[in-house]
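Trainee: below is the sequence, then the predicted model.
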There are 2 protein chains.
Amino acid sequence: MANAIVSQSGGPTGVINASLVGVIEEAQKQAKFEKLYGGVHAVSGIIKEEFVDLTNLSSDVLERVAASPSSALGSSRDKPDAEYCEKILAVLKKRDIRYFYYIGGNDSANTCYIINNMADDINFDLRAFHIPKTVDNDLLVTDHCPGFGTAGRFVACALMGDDLDNRALPGVKIDVIMGRHAGFLTGAAVLGKQRDDDGPHLVYLPERPVSMDKFLGDVEGVYKRLGRCVIAVSEGMCDADGKTWTEKVVEEEEKDAHGNIQLSGTGALADFLAGQIKGNLGVKRVRADTFGYLQRSFAGLQSPTDVEEARRCGREAVRLSMTEDNGSVAMKRTGNGDNYAVELFMTELANVAERTKSVPDEFINADGNGMTDAFVEYALPLTGSLPKTEYLGNNAKA
Amino acid sequence: MANAIVSQSGGPTGVINASLVGVIEEAQKQAKFEKLYGGVHAVSGIIKEEFVDLTNLSSDVLERVAASPSSALGSSRDKPDAEYCEKILAVLKKRDIRYFYYIGGNDSANTCYIINNMADDINFDLRAFHIPKTVDNDLLVTDHCPGFGTAGRFVACALMGDDLDNRALPGVKIDVIMGRHAGFLTGAAVLGKQRDDDGPHLVYLPERPVSMDKFLGDVEGVYKRLGRCVIAVSEGMCDADGKTWTEKVVEEEEKDAHGNIQLSGTGALADFLAGQIKGNLGVKRVRADTFGYLQRSFAGLQSPTDVEEARRCGREAVRLSMTEDNGSVAMKRTGNGDNYAVELFMTELANVAERTKSVPDEFINADGNGMTDAFVEYALPLTGSLPKTEYLGNNAKA
């Protein structure tokens, strides 16, 4: 008999709690565990021994947890260094915790890796497993990440509604979407497109730097053709020199700043781009929204595929830990379209910890301002099928 | 036999298309109509005779329309004056259109009123009916407005997720919600609260001006007590002198402006309030989101009650027009809670056209920074039941 701990790190998602429930329900099956601790607020709580007892949670509670957005155990942005990890290890030893399950991004895989190596060094038998989560979908090895499908579903539904709104009251609309380095989530903006002239008409990812001239030319082209234009922009959108537009805007503003107010807040990029379009293209109605936290934590909206896979990943980590010493759970796609399916497998922690993934070239169009069919084939099974909509106002010739 | 027209005006909502479908399906039942026109882009399209033929739409199409957000016929922000209305009337005469159904807010009721009077003056037998819609819920006479329940559901689900996100990564979070003059939609932020310490912890409506000192004092109080604070703010939030904070921020910025960039965009109020909290209270993690267009046009999220009532209102307008000359459809609540029900009735166009409604005093707490139980009893049946959530990280004493 031994104790185990599970914890959640980094930015919350809509299904990180499903992975937590997967760990808890599989741990309940394993006669091996005396206690399953929940480490509150990730590593920052673990070093202070802020623990809750998850050993005997009822299935009612577990189902509600699995359906809840955000991280039910709390989270932390701390990236532990060696000294920090030693403190964690000391707590694990003190409590005789021999199984460590950590749900998070590549930094969390790295934390598992460091702690597991430290435990080896002192001959403390610890099994450390990483369970992937991120709305950014940027982890290596795995086909995709739990969390992306649900956030992608939110973004797709938002753009579907927003494009219809922009048909009703035409103009240029900019939507700024999360993802500083990887554009998968911004790409999900296209997944609900049904008609040839549906928006978003332009999509800008961090992977494809774009000059202001090119951007304005793109917008003008769509606006002249359709009389409106919906644009999905990653918060990590870059100028041609590779520097993000957000950085440039903030720098520019700081140079000019005299008052207390600085355009470095939530709407900075959106407002800057809207100002450029108004000023340079003379479009009268330009609107901009920044989606913010809604896209990662919204109650009652989960991708059915995503929530099921997240839970499976949690269970798999516990199962793997019965026979293996350490690893990260990953998914391999074994079928697509109507036959979509994944198999779970284990990869080395180091494979996930080191770097992150960008949107592959074949998912981005040649012009660098839109997504390909290959991307839709990749991403649509992850968000689940999207609502069908109607617009009646075209061809008003009756 | 006569012709009829239906059109949609003002800001789109999640169920204005359900009202449109109500009109179409009831008109299909009435043998009286030769043609049912859809006037595209409201009055701005009607004067240009931009019409689609809605007479024989299939039930498949109608169901997809009813489920689609935004205005399927397009919309317009034009507020017609007498000259504009004469142009409209000329088109109606030319096409022998004797029934005019207009879905919109109080300005749309006013348009119906003017056109109906003009028709009377020239002895043109026209029946003009207004069907209520607005996410702001600010129309007089009716208990509530189609559109509010669905937007309120979005806001409630957003705040539920956002509050859990703020538990996971604690700090101060500000959410700016639509409603320049009426705070109903901002009030809907509280509807998903389940635990005593659930956010939003503070709610600011246009109906209760608040000084910066009072605002900062409120935030500090909650933050000291809970270590976090979630705040729902109406875009029409006012300073103690009754002027909106947004106006003040823009004025201040224009005074200081040297560059091209002005803090007058989408995130202005949110960023300003975040800056005040950071600067004056020394809170490290302060985040702010402005919900923007998502709250009125998001695909796949409707309140079941709202969508049904919106459709009933559309049908009722057609039924009323069989015997009455003009009017606006309104709802009377005949039961609440588990027995929630409404009856539809007709009110004079002038009763709806003239002014708008504010949140009544009994819905706002004494301190002017939160909603009462009476508000929740009023609003919760309109959004429909909300998801249940769990948070496990409190009382970390295991």
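Mentor: Thanks, I have it.

Trainee: only C-alpha atoms for contact and neighbour calcs from this point on.
Mentor: Fine.

Trainee: chain B contacts on the stretch 1-150 of chain A?
Mentor: Residues of the stretch 1-150 of chain A lying close to chain B (CA under 8 Å from any CA of the partner chain) are A:12, A:37, A:40-41, A:50-53, A:61, A:64-65, A:67-76.

Trainee: among those residues, which are in helices?
Mentor: The helices, defined by DSSP state H, take in A:61, A:64-65, A:67 from the residues of the stretch 1-150 of chain A next to chain B.

Trainee: filter the residues you listed to the buried ones?
Mentor: A:64-65, A:67 (16 or more other CA atoms under 10 Å in any protein chain shown).

Trainee: now pLDDT too, for these, in TSV please.
Mentor: As requested, those are exported to TSV (pLDDT from 0 to 100):
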residue	pLDDT
A:Arg64	97
A:Val65	98
A:Ala67	98
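
Trainee: quick check, nearest of those residues to B:Arg285?
Mentor: Nearest to B:Arg285 among those is A:Val65, at 25.7 Å by CA to CA.

Trainee: now that closest one: closest residue in space, sequence neighbours ignored.
Mentor: Spatial nearest neighbour of A:Val65, chain neighbours left out: B:Glu390 (5.1 Å); criterion: CA to CA, 6 or more residues apart in numbering or on different chains.

Trainee: pLDDT score assigned to A:Glu86?
Mentor: The model reports A:Glu86 with a pLDDT of 94.

Trainee: which SSE is the closest residue to A:Pro387 other than its chain neighbours in?
Mentor: Spatial nearest neighbour of A:Pro387, chain neighbours left out: B:Gly300 (5.8 Å); criterion: CA to CA, 6+ apart. According to DSSP states H and E, B:Gly300 maps onto no helix or strand at all.

Trainee: chain center to the helix or strand where A:Cys85 lies: distance?
Mentor: Here A:Cys85 sits within helix A:82-94, counting by DSSP H and E. Its chain's average C-alpha position is 29 Å from that of helix A:82-94, according to CA atoms, centre = their mean, to the nearest Å.

Trainee: alpha carbons of that helix, as PDB, please.
Mentor: Presented in PDB, the C-alpha positions along helix A:82-94 are these (Å, rounded to 0.1, in the frame of the first residue of the first chain):
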ATOM      1  CA  ALA A  82      15.900  22.200  -8.800                       C
ATOM      2  CA  GLU A  83      15.600  23.800  -5.300                       C
ATOM      3  CA  TYR A  84      11.800  24.000  -5.600                       C
ATOM      4  CA  CYS A  85      11.600  20.400  -6.800                       C
ATOM      5  CA  GLU A  86      13.700  19.300  -3.800                       C
ATOM      6  CA  LYS A  87      11.000  20.800  -1.500                       C
ATOM      7  CA  ILE A  88       8.300  18.900  -3.400                       C
ATOM      8  CA  LEU A  89      10.300  15.700  -3.100                       C
ATOM      9  CA  ALA A  90      10.700  16.300   0.700                       C
ATOM     10  CA  VAL A  91       6.900  16.500   1.100                       C
ATOM     11  CA  LEU A  92       6.400  13.400  -1.000                       C
ATOM     12  CA  LYS A  93       8.800  11.500   1.200                       C
ATOM     13  CA  LYS A  94       7.300  12.800   4.300                       C
END
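
Trainee: show me the contact partners of that helix.
Mentor: Identification of contacts with helix A:82-94 by CA atoms under 8 Å, 6 or more residues apart in numbering or on different chains yields A:43, A:46-47, A:49, A:98, A:111, A:114-115, A:118-119, A:124.

Trainee: who wins on neighbours among the residues you listed?
Mentor: Taking other CA atoms under 10 Å in any protein chain shown as the neighbour criterion, A:Val43 ranks highest of the contacts of helix A:82-94 with 27 neighbours.

Trainee: can I assume that one sits in a helix?
Mentor: Yes - A:Val43 forms part of a helix when assessed by DSSP: H, G, I helix; E, B strand; the rest coil.

Trainee: could you chop chain A up by domain?
Mentor: Per the record, chain A has its domains at A:2-134+A:302-348, A:148-295+A:360-383, by automatic domain parsing.

Trainee: can you pull out the strands in the stretch 1-150 of chain A?
Mentor: A:2-8, A:33-39, A:51-53, A:97-104, A:127-132 (DSSP state E, counting those that start in this stretch).

Trainee: do you know which of those lies nearest B:Ile177?
Mentor: Comparing those by CA to CA, strand A:2-8 comes nearest, at 30.0 Å.

Trainee: got the angle for that closest one vs strand A:33-39?
Mentor: Angle between the axes of strand A:2-8 and strand A:33-39 is 20 degrees (criterion: axes from the mean of the first three to the mean of the last three CA atoms, to 10 degrees).

Trainee: which neighbouring elements make contact with strand A:2-8?
Mentor: Packing partners of strand A:2-8 (3 or more CA pairs under 8 Å, 6 or more residues apart in numbering or on different chains; DSSP states H and E): helix A:16-29, strand A:33-39, helix A:42-46, strand A:97-104.

Trainee: now that strand: buried residues?
Mentor: Applying 16+ other CA under 10 Å to strand A:2-8 flags A:3-8 as buried.

Trainee: try stretch A:350-369
Mentor: Quick answer for stretch A:350-369 (16+ other CA under 10 Å): A:350-353, A:356-359, A:363-364, A:368-369.

Trainee: format the residues you listed as TSV; extra columns: pLDDT and distance to chain B.
Mentor: Below are the buried residues of stretch A:350-369 laid out as TSV (pLDDT from 0 to 100; distance: CA to the nearest CA, whole Å):
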residue	pLDDT	distance to chain B
A:Ala350	96	27
A:Asn351	97	28
A:Val352	97	24
A:Ala353	95	22
A:Thr356	94	23
A:Lys357	96	25
A:Ser358	97	26
A:Val359	98	26
A:Phe363	98	25
A:Ile364	98	25
A:Gly368	97	26
A:Asn369	98	23
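
Trainee: and these, which two are the farthest apart?
Mentor: Greatest spatial distance in the buried residues of stretch A:350-369: A:Ala350 and A:Asn369, 33.6 Å, computed using CA to CA.

Trainee: what helix or strand is A:Ile231 on?
Mentor: strand A:229-234.

Trainee: can that strand be said to contact chain B?
Mentor: No - Strand A:229-234 stays clear of chain B (CA under 8 Å from any CA), getting no nearer than 12.6 Å.

Trainee: report the contact partners of the residue in the stretch 151-300 of chain A positioned nearest to chain B.
Mentor: Scanning the stretch 151-300 of chain A for proximity to chain B using CA to the nearest CA identifies A:Ala168 as nearest, at 3.7 Å. Shown in contact with A:Ala168 (CA under 8 Å, 6+ apart): B:12, B:41, B:70-76.
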